[in-house]
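1. build me a model from this:
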Amino acid sequence: MEKSYLTTMVLLILHQIDAAYWQEWQMFLLPGGVQGFLLFNLLILPIVLLGYRSVIINDSHAKGYMYTCAGLGLLTVIIHSAFFLMGYEQFNLPFSMVILLLCLISSSWQLIIIRRFRLN
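-> Alright, predicted model coming up:
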């Protein structure tokens, strides 16, 4: 459980680093530009990091955090697939696409693990 969460979490963080390069806030029309992007990350990153702690100690919130992290990974892939279909040219470098593909695989695997293993 911990490895799948860690993998998805790292891929999401890598994607956010890549998103800063591609100026993702412009794609989402975020108010405040890069400041809105940073605020979003300031809100999301602590949740994902606290979730990792929860999974490590297998407390009563671990399953919810596992679903949240996997959901964020899948949502990231879905949103960027839609942007791709709409003709956006961001995230077209090979490693950007690999990160998104691995996010899909890791998040899907995480959902399988949640169902396969008994979590609190």
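2. list the contacts for Ser107?
-> Counting by Cβ atoms under 8 Å, 6 or more residues apart in numbering, Ser107 touches Thr8, Cys69, Ala70, Gly71, Leu72, Gly73, Leu74, Val77. (C-beta placed from N, C-alpha, C; glycine too.)
3. to what extent is the fourth one buried, counted in neighbours?
-> Each residue near Gly71 was counted by other Cβ atoms under 10 Å, and the total is 14.
4. tell me the helix or strand right after the lowest-mean-pLDDT helix or strand in the chain.
-> Least confident helix or strand, the chain: helix 24-27 with a mean of 93, by mean pLDDT, DSSP states H and E. Tracing the chain past helix 24-27, the next element assigned as helix or strand by DSSP states H and E is helix 34-57.
5. quick one: residues in contact with that following helix.
-> Contacts of helix 34-57 (Cβ under 8 Å, 6+ apart): 1-2, 5-6, 9, 12-13, 16, 19-20, 23-25, 30, 32, 61-62, 65-66, 68-69, 72.
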